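In: kindly generate the corresponding structure for this input.
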Amino acid sequence: LGGEFISIDMLTNNIPLYSGRTIPEAAKPTRAGAFLQDRLDIGDLVLEGGVRWDYLDPDVEYTRVPGYVFNVPDSLKQGFTRYDSETGGYVPLNACGPDSFDPTAPCKSNFIQAETKSEFSPRLGASFPVTPTSTFRLSYGRFVQTPAFFTTQSVGVTGIGNTAAQTVGFLQSTNSDLVDQNTNGTWGRDLDMPSTRTFEFGYRQLVGQSLVLDISAFNKKQRSALAGRKLPFNDPNREGATVFLNVVTNKDWTESNGFEVKADKAFGNLSVNSLAYSFIDARGTGSDPFTYSNLILRSVSNLSLLTGLPENPPEVLLALEQSRKHNISLTSSLHFPVDYMQGSTMGAILRDFGVFAILRLRSGLPYTKLINTGNGQVGPPSGAGLEGRPQSSISNTQTSWTTSIDLRFTKGFQLGKGWNLQAFL
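Out: Below you'll find the model as predicted:
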């Protein structure tokens with residue numbers, strides 16, 4: 001049983017692209033969580049179950065149309081204020097409503113309070129012996145991810161960045177007006193909390209006294225992940241006109257399937273070795289929140305030329321740039337005890353001496369190759385920026401295999417009674 005509660009008073013300054021006039025953005029989001037977990041042993045059967053509750057209150061107001069904060073018609077200026085130089089304070093603007101020039105004209109607020117969100121996530125696991133030397137296990141879990149508050153890597157001029165570190169925030173530019181920006185900006189909106197569902201099963205077998213074989217397989221699905229999309233909105237200042245804006249949405253979906261085979265072998269008390277191979281196939285509608293805006297949005301197809309509309313986002317699961325299909329690793333350790341071959345020259349050299357080695361062989365990562373025009377990267381990570389154009393289809397190119405080996409040597413020296421000096425390389 002446990003829980004957490006976080007309340008944050010956030011005040012940031014947004015510097016518009018054109019005017020440079022600092023505009024404050026304020027929010028007081030509250031995040032809370034509670035979980036209950038228990039374990040039940042029924043003979044050799046072990047059951048673990050739990051449930052988690054997640055709560056999020058953004059405590060922020062969004063404009064009806066992103067990017068239209070102050071530049072709106074009088075009918076959306078309910079509650080607006082103006083600075084009164086005579087009193088030195090703020091007074092109602094009265095652009096609409098009963099005290100306005102036309103009390104019968106439509107009048108409503110341009111701001112909508114964000115909704116609170118809460119989710120329940122169950123988790124269940126079980127393990128039991130199949131034979132005296134083997135066990136079977138399985139688990140299922142649902143996990144909710146609290147969205148990031150602000151974007152850490154926006155749609156920049158170059159689009160070059162670490163894809164794994166890019167996040168898009170649902171509080172981004174909530175008070176930023178399109179008058180001081182352009183349509184390349186990204187605006188946060190009221191969103192649901194993304195969730196992930198995982199299922200895993202495994203089998204473990206003891207062979208003899210020193211060999212353990214383990215095989216496991218898993219499936220992981222993420223739904224409603226945050227992603228940028230260019231969506232149409234009705235221009236509040238021009239009746240019948242449509243404006244396309246980049247907004248944060250719950251439009252990304254991913255699914256990963258894979259398995260791992262692992263063997264652990266011990267040679268007496270001196271050496272422990274582990275050999276593992278894993279395969280993973282990760283696919284989704286975007287490798288990161290900016291896959292659509294950085295790669296697809298700026299490309300041109302016959303359909304977009306005919307319709308004049310932005311390119312459509314992917315509707316099929318494509319290979320993710322983090323999908324490294326083949327991974328082979330060998331971990332080996334050799335350590336001689338402090339009393340090894342006492343009284344001999346070889347024992348004096350080898351006692352308290354150790355060698356640790358890790359060998360990794362990994363297949364390449366998929367990426368989208370760009371046409372080399374001299375003003376951007378050709379990949380990876382894949383980001384076309386303002387002028388880049390993809391040369392291949394999304395994630396259709398792959399980097400080469402990589403091999404790495406790490407070695408560590410240690411040697412201990414006894415210094416009198418109770419002291420031991422450890423040297424390593």
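In: quick one: contacts for Asn110?
Out: 63-64, 68-69, 72, 76-78 (C-beta atoms under 8 Å, 6 or more residues apart in numbering). For every residue, glycine as well, the C-beta is placed using N, CA and C.
In: let's have the residues you listed in TSV, adding secondary structure and neighbour count.
Out: What follows is the contacts of Asn110, written out as TSV (DSSP: H, G, I helix; E, B strand; the rest coil; neighbours: other C-beta atoms under 10 Å):
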residue	secondary structure	neighbour count
Thr63	strand	22
Arg64	coil	15
Tyr68	coil	22
Val69	coil	21
Val72	coil	18
Leu76	helix	22
Lys77	strand	21
Gln78	coil	19
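In: go through the residues you listed and say which is closest to Pro29.
Out: Pro29 has its nearest neighbour among the contacts of Asn110 in Thr63, at 17.8 Å by C-beta to C-beta.
In: which strands or helices does the lengthiest strand in the chain pack on?
Out: In the chain, with assignment by DSSP state E, the single longest strand is strand 242-267. Applying 3 or more C-beta pairs under 8 Å, 6 or more residues apart in numbering; DSSP states H and E, we find strand 242-267 packed against strand 186-187, strand 211-234, strand 271-284.
In: what's the most buried one of these?
Out: strand 186-187 (a mean of 26; mean count of other C-beta atoms under 10 Å).
In: and the host helix or strand of Ala348, what's buried?
Out: Here Ala348 sits within helix 345-350, counting by DSSP states H and E. Using 16 or more other C-beta atoms under 10 Å as the burial criterion, the residues of helix 345-350 that qualify are Leu350.
In: over to stretch 102-121?
Out: In terms of neighbour count (16+ other C-beta under 10 Å), stretch 102-121 has its buried residues at 107, 110-111, 114, 117, 119, 121.
In: same thing with stretch 181-191?
Out: By neighbour count on 16+ other C-beta under 10 Å, the buried set for stretch 181-191 is 181, 184-191.
In: now for those residues: which two are most distant?
Out: Farthest apart among the buried residues of stretch 181-191 - using C-beta to C-beta - are Asn184 and Asp190, which lie 22.0 Å from each other.
In: ok so, going back, just the closest of the buried residues of stretch 102-121 to Arg389, please.
Out: Distance to Arg389 across those (C-beta to C-beta) is lowest for Ala114, with 37.1 Å.
In: so what's the closest residue to the closest one other than its chain neighbours up against?
Out: Excluding the flanking residues, the one nearest Ala114 by C-beta to C-beta, 6 or more residues apart in numbering is Pro58, at 4.0 Å. Shown in contact with Pro58 (C-beta under 8 Å, 6+ apart): 27, 29, 114, 116, 170-171, 190.
In: can you redo the contacts of Asn110 as TSV with pLDDT and distance to Ala357?
Out: As requested, those are exported to TSV (pLDDT from 0 to 100; distance: C-beta to C-beta, whole Å):
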residue	pLDDT	distance to Ala357
Thr63	91	58
Arg64	93	61
Tyr68	91	61
Val69	89	59
Val72	91	66
Leu76	90	67
Lys77	89	70
Gln78	90	70
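In: quick check, nearest of the residues you listed to Phe279?
Out: Phe279 lies nearest to Thr63 out of the contacts of Asn110, by C-beta to C-beta, at 46.7 Å.
In: quick check: the closest one touching Phe111?
Out: Yes: using C-beta atoms under 8 Å, Thr63 is in contact with Phe111, at 6.1 Å.
In: if we can go back for a sec, need the buried residues of stretch 181-191 in JSON lines with distance to Asn257 and pLDDT, can you?
Out: Formatted as JSON lines, the buried residues of stretch 181-191 follow (distance: C-beta to C-beta, whole Å; pLDDT from 0 to 100):
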{"residue": "Gln181", "distance to Asn257": "41", "pLDDT": "76"}
{"residue": "Asn184", "distance to Asn257": "36", "pLDDT": "78"}
{"residue": "Gly185", "distance to Asn257": "37", "pLDDT": "80"}
{"residue": "Thr186", "distance to Asn257": "31", "pLDDT": "84"}
{"residue": "Trp187", "distance to Asn257": "35", "pLDDT": "88"}
{"residue": "Gly188", "distance to Asn257": "32", "pLDDT": "87"}
{"residue": "Arg189", "distance to Asn257": "31", "pLDDT": "89"}
{"residue": "Asp190", "distance to Asn257": "33", "pLDDT": "90"}
{"residue": "Leu191", "distance to Asn257": "27", "pLDDT": "89"}
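In: how much space between the most far-flung residue of the chain relative to its centre and Val212?
Out: When distances to the mean C-alpha position of the chain are computed (C-alpha atoms, centre = their mean), the maximum falls on Gly343, with 57.8 Å. Distance of Gly343 to Val212, given as C-beta to C-beta, to the nearest Å: 35 Å.
In: so what's Leu425 up against?
Out: By C-beta under 8 Å, 6+ apart, the contact set of Leu425 is 408-409.
In: just the pLDDT for it.
Out: In this model, Leu425 is scored at 85, pLDDT.
In: could you do Pro16 as well?
Out: pLDDT for Pro16: 67.
In: check Tyr277 too.
Out: Value for Tyr277, per-residue pLDDT: 97.
In: which ones are touching it?
Out: Shown in contact with Tyr277 (C-beta under 8 Å, 6+ apart): 260-262, 326-328.
In: of these, just the buried ones, ChimeraX syntax please.
Out: With 16+ other C-beta under 10 Å as the criterion, this ChimeraX line picks the buried residues out of the contacts of Tyr277:
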select :260,262,327
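In: and of the contacts of Tyr277, the nearest to Phe150?
Out: Asn327 (33.4 Å).
In: any idea which element the closest one lies in?
Out: Using DSSP H and E, Asn327 sits within strand 326-335.
In: and Asp192, which of the three is it?
Out: Assigned by DSSP: H, G, I helix; E, B strand; the rest coil, the conformation of Asp192 is coil.
In: I figured it hits Asn250, correct?
Out: Yes: at 5.2 Å, Asp192 and Asn250 qualify as touching, with contact defined as C-beta under 8 Å.
In: mind checking what helix or strand follows the helix or strand encompassing Tyr62 in sequence?
Out: Using DSSP H and E, Tyr62 sits in strand 61-63. The C-terminal neighbour of strand 61-63 among helices and strands, as given by DSSP H and E, is strand 81-84.
In: send the alpha carbons of that following strand over as CSV?
Out: Extracted C-alpha coordinates of strand 81-84, given in CSV (Å, rounded to 0.1, in the frame of the first residue of the first chain):
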residue,chain,number,x,y,z
THR,A,81,-10.0,43.3,-18.6
ARG,A,82,-8.1,46.5,-19.5
TYR,A,83,-5.7,48.7,-17.7
ASP,A,84,-7.2,51.9,-16.3
